[in-house]
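1. got a predicted model here, sequence first, then my questions.
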There are 2 protein chains.
Amino acid sequence: MENVFDRIHNHHLHEKVVSAQEAASWIKSGMTLGLSGFTRAGDAKAVPMALVERAKYGKMKVNVYTGASLGSDIDRMFAEVGLLNKRLPFQADPTMRKKINQGEFYFIDQHLSKTSEMVRAQVLEPIDFAIVEAIAITGDNMIIPSTSVGNSMVFAQYAKSIIVEINMAQPRLLEGLHDLYEPGKQGDRSPIPITKPDDRIGSIGIPVDMGKVRGIVFTNQKDSPSTITPPDKETETIAQHLIAFLRQEVQEGRLTNRLAPLQSGIGTVSNAVFHGLLDSEFTDLEVYSEVLQDAVFELMDAGKVRYASCCSITLSGPKMEQVFPNLEKYRDKLILRPQEISNHPEVIRRMGLIAINTALEFDIYGNVNSTHVLGTQMMNGIGGSGDFARNSRISIFVTKSIAKDGKISSIVPFISHVDHTEHDVDVVVTEQGYADLRGLAPRERAELIINRCAHPMYREQLMDYYLEALTRGGQTPHILEKALSWHTNYAQTGTMLQKVLQRG
Amino acid sequence: MENVFDRIHNHHLHEKVVSAQEAASWIKSGMTLGLSGFTRAGDAKAVPMALVERAKYGKMKVNVYTGASLGSDIDRMFAEVGLLNKRLPFQADPTMRKKINQGEFYFIDQHLSKTSEMVRAQVLEPIDFAIVEAIAITGDNMIIPSTSVGNSMVFAQYAKSIIVEINMAQPRLLEGLHDLYEPGKQGDRSPIPITKPDDRIGSIGIPVDMGKVRGIVFTNQKDSPSTITPPDKETETIAQHLIAFLRQEVQEGRLTNRLAPLQSGIGTVSNAVFHGLLDSEFTDLEVYSEVLQDAVFELMDAGKVRYASCCSITLSGPKMEQVFPNLEKYRDKLILRPQEISNHPEVIRRMGLIAINTALEFDIYGNVNSTHVLGTQMMNGIGGSGDFARNSRISIFVTKSIAKDGKISSIVPFISHVDHTEHDVDVVVTEQGYADLRGLAPRERAELIINRCAHPMYREQLMDYYLEALTRGGQTPHILEKALSWHTNYAQTGTMLQKVLQRG
């Protein structure tokens, strides 16, 4: 059996090994923590849990910055014990979501590429402890991250102190798959030299001043598996419509069968879209994304994807069992980068990604709400969708056309919260079809969206709104006093559908 | 007197000189035109006017793409004679605006950095004629633009044919001030090698296949002067608040007195802000912006600005008289670039600009409407504000806190149209004060914005809304059924102010 100390190549660091409880005891109320972890992968586990235990027996509040959502129920426990003052930039836990919406603590919903800039520019509360999961610390003083990179690099570099969690349950074979690049401060920065997804530009670990490493904790706990459900009939249909759109692009001569580097947001619909590519004619594909889900590994196994760049690997339990012991076979096909680089506007624009993200709802002019249910209740956060949508070659948003058995239409006259404006939305896709909005003015967009994407049960109601709005005029016609009535009707009557009796 | 043919160094091109009327006669109904011109500067003048004359006597419709707004009343005349089918990406003419809002033709409101990508990717109607103003055509077959670059390069390169207007009234001394750089197609592109505003990376003119030049028209007409009004008491106060914010940044150690490269949108408030820097302690400044207005030249003359990069120079009549005959003295301080490069996300993010743009209205959570009056009526367009706000180091929006003698509050509970989401808005400034929103959650933002930026006559009314919204909860509390009531009240009663009698 491997000696745990084999994971710390610098012998002077061996004396820093402590229990999670001891490390957690260094954290005081009022402090700010920067945690590893991105979409349930590579999160620091033991110290946060020990901190939760402490918080049960004493009033304390801390700020918690992460890469994105945490696994291991840490966000749930943080919320339950009332440990948080401020949380950023993303979360996806039902309990945490509830507490955020109750106003129990502050949540900042941030573009995932932006947190690092704010840390570097020192406009956020400074980080007292970076707590980062690793698979090893090298002899040349680099921390090797585990299944995600997230913001670990910038947190470690800017934190006053660092706690490293070396997780023996994470695959050792990850070493060498990371590419850690520090762009430097804005205004004092060279171009990021990535022109294709497989460009290596950095080091295999996070170079740190080991004097800042206050403690090293050994853990042995796997990441939480992905909660993504398999494709269903509707998400498969969405995937087919999206593939039909891509096929059309190839026919028009704007793309080849290799497409362009693909990005896909996390989620069931996005996973289904990638799954749909398995049986398509597209091949020799590249992925430049945040999170790799199950489907990307299936595409690699099928020889469809030649290379995938990400900042996190979030898999189902069975897929973890297949992939992690066999990482060697993906060594020439896989790279893990900091989320600032995976989501960097510069690189996204240069490579011209095809970006596929999920909408909660969109309006008849193509504005998208990704975050707020009924305009007020936070779901997860904008994540990387804004980084990608704004700068991609083709910005695609997908969603089912209805929710809650048709009581909610995902296509509404006026969205209750805007995350992506019409300027950044090229194509919208539902199980009904796709609408290619590029080069279209708002009045052209409206008819296309209603006819192609809305559920038939809502088309007439949407067209009634639009036709009445047209009588008022404007570049973007609306009836302001009715604009949000679909949402208020839902809140009051339980459905967005009017004239239920006539249609019944 | 200069021989006009001295402006065409390639003698083979002399035979292509034609009248504006003849050139205009080549344009057929259904065609798409790509015109030079950005915020009243460097617009093609004679051929568009000849086209307007033709259109008076025959039914024709064309698509018109430009850099931004045109001068010389061309947009007005285009709109009046009903020549347009589709117009993009920006305009600022009252008559055109009215026709757009009446739905007489299609207007696409686009990020100014994006049009070039869409032309290159061939997702817009292909350009039949590029009509570009120039000061000369060099012996090595380059078109030297005049007072703006705009989209002239990509239009000339992708158009089937080119008509060049050589304008003898434009300053010949502009030659050598342009820097034309073609990034190439997305996915087949190197990093843009700009790391500071004065980096020269391209050629002094647009290299073109002269076989595509169908005609050359000589003109002699100055640009329309800027319509910017001088600073007034309120815009001066806005400038002072903004300077107080910048001073605070220096005190916090986040900036030095050299600040960071500055961008400022076109308009009276932005010009006043730059004007306000004249008497500040800030010095050795750099500008990396779209349009240079009067104040930037005053700052250069005062030794405050060491370098200014732009894609257009739009001056008042008196300032034109001062600057254009004396361009030699600005030769080492000035560069004109394509709008794609002046507004490029990659460069903006790398240099970490301080971006100052104008809001029509913003809400209590920091979302900004830049374009649509009462959510429906287009004012000018988003212009470059989205390019800059999303990628800058500090994204600042400025506006007066009230309009129409207080009948309109520029700070509302819920904006009627969203161009910039809370994720992209760092600081908002009115004549009442500034609110630094960085690192703040929505509930923290609301109180700050109401107390610091709203006009006193609206503060209680805003706070009443916010407190009632808080009782509903949510990450971003709202009362959806009242969210747009300020706008509908204004439409119905002529004022957003409630309880007028009690307050009178």
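-> Everything's here; your move.
2. the helices in the stretch 401-504 of chain A, which residues?
-> Under the criterion DSSP state H, counting those that start in this stretch, the stretch 401-504 of chain A contains helices at A:442-452, A:456-472, A:480-483, A:485-493, A:500-503.
3. weakest of the ones you listed in terms of mean pLDDT?
-> For the helices of the stretch 401-504 of chain A, mean pLDDT drops lowest on helix A:500-503, to a mean of 48.
4. could you dump the helices of the stretch 401-504 of chain A to a markdown table with distance to chain B?
-> C-beta coordinates here come from the backbone N, C-alpha and C atoms, glycine included. Below are these laid out as a markdown table (distance: least, C-beta to the nearest C-beta, whole Å):
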| stretch | distance to chain B |
| --- | --- |
| helix A:442-452 | 6 |
| helix A:456-472 | 7 |
| helix A:480-483 | 5 |
| helix A:485-493 | 5 |
| helix A:500-503 | 20 |
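5. export these to TSV and tack on mean neighbour count?
-> Formatted as TSV, these follow (neighbours: other C-beta atoms under 10 Å in any protein chain shown):
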stretch	mean neighbour count
helix A:442-452	20
helix A:456-472	16
helix A:480-483	20
helix A:485-493	18
helix A:500-503	8
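6. and residue A:133, which of the ones you listed is closest to it?
-> Nearest to residue A:133 among the helices of the stretch 401-504 of chain A is helix A:485-493; the distance by C-beta to C-beta comes to 40.5 Å.
7. circling back: of all the helices of the stretch 401-504 of chain A, which lies closest to residue A:103?
-> Closest approach to residue A:103 among the helices of the stretch 401-504 of chain A (C-beta to C-beta): helix A:485-493, 18.7 Å.
8. show me what that closest one is packed up against.
-> The elements that helix A:485-493 packs onto, with contact taken as 3 or more C-beta pairs under 8 Å, 6 or more residues apart in numbering or on different chains; DSSP states H and E, are helix B:480-483.
9. show me what the helix it packs on is in contact with.
-> By C-beta atoms under 8 Å, 6 or more residues apart in numbering or on different chains, the residues outside helix B:480-483 that reach it are A:374-376, A:416, A:484, A:487-488, A:491, B:413-414, B:465, B:468.
10. and which of those residues is nearest to residue A:50?
-> Using C-beta to C-beta, the contacts of helix B:480-483 come closest to residue A:50 at residue A:376, 34.8 Å.
11. what's the neighbour count on the residue nearest to that closest one when sequence neighbours are not counted?
-> Nearest non-adjacent residue to residue A:376, counting by C-beta to C-beta, 6 or more residues apart in numbering or on different chains: residue B:474, 3.1 Å away. When neighbours are defined as other C-beta atoms under 10 Å in any protein chain shown, residue B:474 has 22 of them.
12. ok, now residue A:188?
-> Residues contacting residue A:188 under the criterion other C-beta under 10 Å number 11.
13. and the spatially most central residue of chain A, what pLDDT?
-> The centroid of chain A falls nearest to residue A:383 when counting by C-alpha atoms, centre = their mean (4.6 Å). Per-residue pLDDT puts residue A:383 at 97.
14. who in the stretch 51-200 of chain A is up against chain B?
-> Within the stretch 51-200 of chain A, the positions lying close to chain B (C-beta under 8 Å from any C-beta of the partner chain) are A:86, A:100-103, A:106-111, A:114, A:117-118, A:121-125, A:185-187, A:189-193, A:195.
15. list only buried entries from those residues.
-> Among these, those buried by neighbour count (16 or more other C-beta atoms under 10 Å in any protein chain shown) are A:86, A:100-101, A:103, A:106-111, A:114, A:117-118, A:121, A:123-124, A:186-187, A:189, A:191-192.
16. filter those residues down to just the ones in helices.
-> Among those, DSSP state H puts A:100-101, A:117-118 in helices.
17. in a markdown table: those residues, plus pLDDT.
-> A markdown table is the format used below for those (pLDDT from 0 to 100):
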| residue | pLDDT |
| --- | --- |
| A:100 | 98 |
| A:101 | 98 |
| A:117 | 97 |
| A:118 | 97 |
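18. and the furthest pair within these?
-> A:101 and A:117 (27.4 Å).
19. pass me the low-pLDDT residue ranges in chain A, would you?
-> Applying pLDDT under 70 to chain A picks out residues A:1-2, A:499-504.
20. other residues contacting the helix or strand where residue A:52 lies?
-> Residue A:52 is part of helix A:46-56, with elements assigned from DSSP states H and E. If you take C-beta under 8 Å, 6+ apart as the criterion, helix A:46-56 is touched by A:19-21, A:23-25, A:27, A:35, A:60, A:62, A:70, A:72, A:74, A:77-78, A:81-83, A:131, A:163, A:165, A:217, A:219, A:221.
21. in chain A, which helix is the longest?
-> Criterion DSSP H: the longest helix present in chain A is helix A:233-251.
22. separation between residue A:371 and residue B:436?
-> Look at residue A:371 and residue B:436: by C-beta to C-beta, to the nearest Å, they are 23 Å apart.
23. about what we covered before: ok, now which ones touch the residue nearest to the centre of chain A?
-> A:68, A:90, A:112, A:265-266, A:290, A:370.
24. quick one: which of those sit in strands?
-> Within these, no residue falls in strands by DSSP state E.
25. which among the residues you listed count as buried?
-> Buried by 16+ other C-beta under 10 Å: A:68, A:90, A:112, A:265-266, A:290, A:370, out of the contacts of residue A:383.
26. need those in CSV (columns: distance to residue B:349).
-> Shown next, in CSV, are the buried ones among the contacts of residue A:383 (distance: C-beta to C-beta, whole Å):
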residue, distance to residue B:349
A:68, 20
A:90, 20
A:112, 14
A:265, 21
A:266, 24
A:290, 18
A:370, 22
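27. so of the residues you listed, which ones are in helices?
-> Going by DSSP H, the helices hold none of these.
28. give me every residue that touches whatever residue of the stretch 401-504 of chain A ends up closest to chain B.
-> Closest approach of the stretch 401-504 of chain A to chain B (C-beta to the nearest C-beta) occurs at residue A:474, with a separation of 3.1 Å. Each residue near residue A:474 by C-beta under 8 Å, 6+ apart is listed here: B:101, B:372, B:375-378.
29. mind putting those residues in TSV, distance to residue A:443 and secondary structure included?
-> Formatted as TSV, the contacts of residue A:474 follow (distance: C-beta to C-beta, whole Å; DSSP: H, G, I helix; E, B strand; the rest coil):
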residue	distance to residue A:443	secondary structure
B:101	11	helix
B:372	14	strand
B:375	15	coil
B:376	12	coil
B:377	14	strand
B:378	12	strand
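30. most widely separated two among these?
-> Greatest spacing in these, by C-beta to C-beta: B:101 and B:375 (11.9 Å).
31. what does the stretch 201-350 of chain A put close to chain B?
-> Counting by C-beta under 8 Å from any C-beta, the stretch 201-350 of chain A sits next to chain B at A:252-254, A:260-261, A:344-346, A:349-350.
32. chain center to whichever strand in chain A runs longest, what's the gap?
-> Longest strand in chain A, counting residues (DSSP E): strand A:129-137. Put simply, strand A:129-137 sits 21 Å off its chain's centre (C-alpha atoms, centre = their mean, to the nearest Å).
33. could you say what helices and strands it packs with?
-> strand A:32-35, strand A:142-145, helix A:152-158, strand A:161-167, strand A:213-219.
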